[in-house]
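In: Predicted coordinates and the sequence they were generated for:
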Amino acid sequence: MNAESKRSFDVAVIGGGPAGMGAATVAAECGLSVVLLDDNPGLGGQIWRGESGSSKHTQASHWFDRVGRSSVEWILEARVFQVGKGHLSAESPDTVHQIAYSHLILATGARERFLPFPGWTLPNVLGAGALHSLIKSGLPVEGKRIVIAGTGPLLLAVAAYAREKGAQVACIAEQTTGAKFACFGLSVLLVPEELEEVWQLAWQLQAVPHWKNCWPVAALGKERLEAVRLSHHGRIREIASDYLACGFHLVPSLELAQFIGCAIQDGYVAVDENQQTCIPGVYCAGEPTGIGGFELALVEGQIAGFAAANRKDLARKLWRRRDAGLRHVRALRRAFELRDELRNMPQEDTLVCRCEDVPFGLLRAHQSWQSAKLHSRCGMGPCQGRVCGAAAEFLFGWSNSSVRPPLFPVRCSSLAEMPVETIPEIHEGGSK
Amino acid sequence: MPDSIVVWVAGKNVEVPKGATVAAAVFVAGAFCRTSPSGQPRTPFCGMGICFECRTVINGEPHRRSCQVLCEPGMVITPDEC
Ligand SMILES: Cc1cc2nc3c(=O)[nH]c(=O)nc-3n(C[C@H](O)[C@H](O)[C@H](O)COP(=O)(O)OP(=O)(O)OC[C@H]3O[C@@H](n4cnc5c(N)ncnc54)[C@H](O)[C@@H]3O)c2cc1C
Ligand code: FES
């Protein structure tokens, strides 16, 4: 049974990562009443999760401290499943929160892009970011052999962290070319603030083979992962491994923005110079407006927070830092663009939809995401296409822009408390 | 282990550090989380609450996403059937 809580705030911020923490804090410091909602047990988002009070990262401790001293009211383990003009609904383990707001700041972050290949559903094959957060949250990896595969700078961060915790990183398989990677490296070296971190990473990873033009062909094993087969410069290599951590860069989490009707441009939420979307009073900050890292997310969040508090003078002071961050967004995009060969990774019987076990061969017969969904149940499981949707977009060029409430599977009692006008006629994908 | 807690995963007693997620405990136990519709065992995949592969039964409550739940002493964790 749900308890119900009805509250009203000047600003509602969805997402407690760097963007949301920055936005909520400055808006509260300007005197507004602010609620910050996140579906995890702690603030910090993908990068600082679980670090409050113990962080080595100076920026993290600064912001945890500042949000703690501010009047921001945060609600954790609360997943926003419906948002409309001036109100939203979120579900936490025993409560459904009905929140009325004047300004809304969407800071929903990004998730990893996963691409299917034979064996990717085997136990002990997991996301690169997943391995990172699992190690952080208590998974011992000392002495374990790990292969890290996919694309993007996250692979390096995960490799370094796993090594620090005693794992043996067998290799990093990076799909991009050596030349593109080198260009990216140079662009990072031009940013003085990043220099120290880059050298540190290079130092920590000096003994780890970092193969370019390399991607997974298959994950092998009977009950669990035993080895990884990789294509490297056209040659096949097989490497024994306890874990395979894979991820093909990040894709923005756009469901809430799409649902409320924000304009999307080139796959990201379109915003003006104050991070306002096409809907007045609705702002967006961080990864949904472009994948650019936590520094940019923090700056964008603060701009949105100041703008919501009508302190455009303070927002403007941050524009230059944001524009520098946007150059990094473009460099990342160029460097880690997916190569065409990755479309050949799945075989006929490779599952694309992990929720409903729908194989690649079945999907190939369809012309669109909608048709595939209707006939094969791909994307109809509880993840609602969050994993297979991004894969299908890359594999088949299908776009998925229709979003229906509830945005996540929720308890029936929470659904019953949704405002009537937002209840869908057909309830799809809510098979919790 | 200082600051560790003990939970039950698939009938096995496992020790994890305080602050560990149930997902981490499932790996430590060498167990599985859920069985897919075609009968494949699965372990946590995205680690961030979006893929639903980590669904387990926690203290009798089904479909809990173990990557977003912290271990508590004595918790009983068994595989989810869906
Ligand atoms: C898996 C992963 C691992 C990463 N690891 C690193 C790393 O090691 N080093 C590094 O430099 N960068 C890393 N990044 C990139 C880094 O996370 C981002 O640069 C930075 O966190 C962006 O901040 P943000 O505030 O935009 O988003 P996020 O930090 O992603 O925060 C968004 C928050 O919103 C929450 N949320 C989303 N939808 C809802 C909803 N409907 N209801 C409630 N809450 C919701 C999410 O759970 C999340 O906590 C990683 C990214 C990912 C996806
Ligand atoms: S591992 Fe994906 S939801 Fe928990």
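Out: Okay, I see it. Ligands and ions are numbered 1, 2, ... in the order given.
In: quick one: low-confidence parts of chain B?
Out: Residues of chain B meeting the criterion pLDDT under 70: B:1-2.
In: In it, which residue sits closest to ligand 1?
Out: Of all residues in chain B, B:Met48 sits closest to ligand 1, at 5.4 Å by C-beta to the nearest ligand atom. All C-beta spots, glycine's among them, are computed from the backbone N, C-alpha and C.
In: Contacts only, for that residue.
Out: A:46, A:111, A:127, A:129-130, A:133, B:67 (C-beta atoms under 8 Å, 6 or more residues apart in numbering or on different chains).
In: would you list every one of the helices in chain B?
Out: Using DSSP state H, the helices of chain B run over B:22-28.
In: Ligand 1 contacts on that one?
Out: Counting by C-beta under 6 Å from any ligand atom, the residues of chain B lying close to ligand 1 are B:Met48.
In: one more time with 8 Å, if that's ok
Out: Contact residues (C-beta under 8 Å from any ligand atom) of chain B with ligand 1: B:46-49.
In: which of those sit farthest apart?
Out: For those, the maximum inter-member distance is 8.3 Å, found between B:Gly47 and B:Gly49 (C-beta to C-beta).
In: Next, format the residues of chain B next to ligand 1 as a markdown table and append distance to A:Phe394.
Out: A markdown table is the format used below for those (distance: C-beta to C-beta, whole Å):
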| residue | distance to A:Phe394 |
| --- | --- |
| B:Cys46 | 17 |
| B:Gly47 | 21 |
| B:Met48 | 20 |
| B:Gly49 | 22 |
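In: Could you tell me which ones among those residues also sit near ligand 2?
Out: Checking those against ligand 2 (C-beta under 8 Å from any ligand atom), the matches are B:46-49.
In: any idea which of those residues has the most stuff around it?
Out: With neighbours taken as other C-beta atoms under 10 Å in any protein chain shown, the top of those is B:Gly47, carrying 32 neighbours.
In: For that one, give me the backbone phi and psi.
Out: phi 70, psi 10 (degrees, to the nearest 10).
In: re earlier: spit out the residues that contact B:Gly47 and B:Gly49 alike.
Out: Shared contacts of B:Gly47 and B:Gly49, counting by C-beta under 8 Å, 6+ apart, come down to B:Cys67.
In: Return the member of the residues of chain B next to ligand 1 nearest to A:Ser413.
Out: B:Gly49 (20.6 Å).
In: Closest approach to ligand 2 from chain A, which residue is it?
Out: For chain A, C-beta to the nearest ligand atom, closest residue to ligand 2: A:Ala130, 6.2 Å.
In: who's in contact with that residue?
Out: A:112, A:245, B:44-48, B:67.
In: Three-state assignment for it, please.
Out: helix (DSSP: H, G, I helix; E, B strand; the rest coil).
In: For it, give its distance to A:Glu91.
Out: Note on A:Ala130: its distance to A:Glu91, by C-beta to C-beta, to the nearest Å, is 23 Å.
In: can you check A:Arg224 too?
Out: A:Arg224 is 34 Å from A:Glu91, by C-beta to C-beta.
In: Neighbour count for the two, which is higher?
Out: Shown here are A:Arg224 and A:Glu91; by other C-beta under 10 Å, A:Glu91 has more neighbours (25 against 16).
In: Sticking with the more buried one, tell me its helix or strand.
Out: strand A:87-92 (DSSP states H and E).
In: do A:Arg322 as well
Out: Under the criterion of DSSP H and E, A:Arg322 resides in helix A:319-335.
In: returning to that earlier point: contact partners of the strand holding A:Glu91?
Out: Contacts for strand A:87-92 (C-beta under 8 Å, 6+ apart): A:2, A:12, A:14, A:37, A:75-83, A:96-101, A:104, A:408, A:410-411, A:414, A:417-419.
In: make it 7 Å
Out: With contacts defined as C-beta atoms under 7 Å, 6 or more residues apart in numbering or on different chains, strand A:87-92 is touched by A:12, A:37, A:75, A:77-82, A:96-101, A:410-411, A:414, A:418-419.
In: What is the neighbour count of A:Lys212?
Out: Neighbour tally, A:Lys212, other C-beta under 10 Å: 18.
In: where are the low-confidence patches of the stretch 51-200 of chain A?
Out: A:51-56, A:192-193.
In: Can you pull up the residues of it that come close to ligand 2?
Out: A:126-127, A:130.
In: next one: chain B
Out: B:23, B:44-55, B:65-68.
In: Now stretch A:337-351: buried residues?
Out: With burial defined by 16 or more other C-beta atoms under 10 Å in any protein chain shown, the residues of stretch A:337-351 counted as buried are A:338, A:342, A:345-346, A:350-351.
In: Just the mean pLDDT for it, thanks.
Out: When pLDDT is averaged along stretch A:337-351, the result is 97.
In: wait, A:His97 sits on A:Ser5?
Out: Yes. The criterion here is C-beta atoms under 7 Å, and A:His97 meets it with A:Ser5 at 5.0 Å.
In: So those two - more neighbours on which side?
Out: A:His97 (23 against 14).
In: Surely that one forms part of a strand?
Out: Yes. If the criterion is three-state DSSP, then A:His97 is within a strand.
In: show me the contacts for it.
Out: A:5, A:75, A:78, A:89-90.
In: Pull the most distant pair out of those.
Out: Pairwise distances across these (C-beta to C-beta) peak at 12.1 Å, for the pair A:Ile75 and A:Ser89.
In: Between the two, point out the one with more neighbours.
Out: Relative neighbour count places A:Ser89 above the other of A:Ile75 and A:Ser89, with 26 against 19, counting by other C-beta under 10 Å.
In: Is the more buried one bridged to anything, and to what?
Out: Applying DSSP bridges to A:Ser89 gives these bridge partners: A:Gln82, A:Gln98.
In: Let me know the secondary structure of the residue of the stretch 201-350 of chain A found nearest chain B.
Out: Among all residues of the stretch 201-350 of chain A, A:Glu223 sits closest to chain B, at 7.4 Å; criterion: C-beta to the nearest C-beta. Following three-state DSSP, the label given to A:Glu223 is coil.
In: Once you drop chain neighbours, what's closest to it?
Out: A:Pro123 (6.9 Å; C-beta to C-beta, 6 or more residues apart in numbering or on different chains).
In: okay, now that neighbour: neighbour count?
Out: With other C-beta under 10 Å as criterion, A:Pro123 counts 24.
In: How about A:Tyr268?
Out: That count, for A:Tyr268 with other C-beta under 10 Å as the rule, works out to 18.
In: What residues does it make contact with?
Out: A:Tyr268 sits next to A:252, A:288-290 when contact means C-beta under 7 Å, 6+ apart.
In: Repeat the analysis, applying 8 Å as the threshold.
Out: Listed by C-beta under 8 Å, 6+ apart, the contact set of A:Tyr268 reads A:252, A:254, A:288-290.
In: Need the pLDDT of it.
Out: A:Tyr268 is assigned 95 on the pLDDT scale.
In: just the one 3 residues further on next, same as before
Out: Reported pLDDT at A:Val271 in the predicted model: 98.
In: That one and A:Gly286 touch, don't they?
Out: No. Using C-beta atoms under 8 Å, A:Val271 makes no contact with A:Gly286, being 10.8 Å away.
In: So for these two, which residue has more residues nearby?
Out: Between A:Val271 and A:Gly286, A:Gly286 has the larger neighbour count (other C-beta under 10 Å), namely 36 against 25.
In: if I look at the more buried one, how far off is ligand 1?
Out: 2 Å (C-beta to the nearest ligand atom, to the nearest Å).
In: before we move on, the earlier item: for the residues of chain B next to ligand 1, which one is nearest ligand 2?
Out: Comparing the residues of chain B next to ligand 1 against ligand 2 with C-beta to the nearest ligand atom places B:Cys46 closest, at 3.5 Å.
In: Now do the contacts for the closest one.
Out: A:111-112, A:114, A:126-127, A:129-130, A:387, B:53, B:67.
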